[in-house]
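Below: sequence and its predicted model.
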Amino acid sequence: QLRFRPPAEAPVRLFTEPELARYDGHQEGQPIYLAVKGVVFDVTSGKEFYGKGAPYNALVGKDSTRGVAKMSLDPADLTHDTTGLTEEELKSLDDIFNNVYKAKYPIVGYTSRRILNEDGSPNLDFKPEDQPHFSIKDEF
């Protein structure tokens, strides 16, 4: 007799910017999500840092890769765009990505920007191995 077993963890999903924005820590009882390098982390366990009114709340509900790299909460830096970052900032980004986010928080999904065009169609040129400053080998 076969029995279905649900997965041990929730499935990983793809987030559009408006979907990710719903998880910004402002709604009580809702998880808090933060994306870095296109990877969406559940940072709810760090609510004292990322929740409503907390010091790093500006980072959540979006892909804040640039802000993490520059250690900046400036709204202009709260974006996925890594264009023009210095070698030192890119190294800092990798260190924080690996040693803080991947080490401490579960991955719940990815930003759609990683694999879709602006109109939502598949980006046929997307190859994870070609993405600058990004590695997926340890994510799964």
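Arrived safely. Please read all numbers here as calculations on a predicted model, not as lab measurements.

all strands of this protein, in order?
Ranges of strands in the chain, per DSSP state E, are 13-15, 33-36, 39-42, 107-111.

by contact count, what packs against the third one?
Yep, that's strand 39-42 we're talking about. strand 33-36, strand 107-111 (3 or more C-beta pairs under 8 Å, 6 or more residues apart in numbering; DSSP states H and E). C-betas here are computed from N, CA, C, even on glycine.

Single out the most deeply packed of the ones you listed.
strand 33-36 (a mean of 26; mean count of other C-beta atoms under 10 Å).

mean confidence score for that one?
Averaged across strand 33-36, the pLDDT comes to 96.

Looking at the strands of the chain, which is nearest to residue 70?
Proximity to residue 70 (C-beta to C-beta) singles out strand 33-36 among the strands of the chain, at 12.4 Å.

related to what we said a few turns ago, in JSON lines, list the helices and strands packed on strand 39-42 along with distance to residue 55.
Formatted as JSON lines, the helices and strands packed on strand 39-42 follow (distance: least, C-beta to C-beta, whole Å):
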{"stretch": "strand 33-36", "distance to residue 55": "13"}
{"stretch": "strand 107-111", "distance to residue 55": "22"}
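
Minimum distance to residue 74: which of these has it?
strand 33-36 (16.4 Å).

How about the contacts made by the most centrally placed residue in the chain?
Geometric centre of the chain, nearest residue: residue 35, 1.5 Å, by C-alpha atoms, centre = their mean. By C-beta atoms under 8 Å, 6 or more residues apart in numbering, the contact set of residue 35 is 15, 20, 41, 62-65, 80, 110-111.
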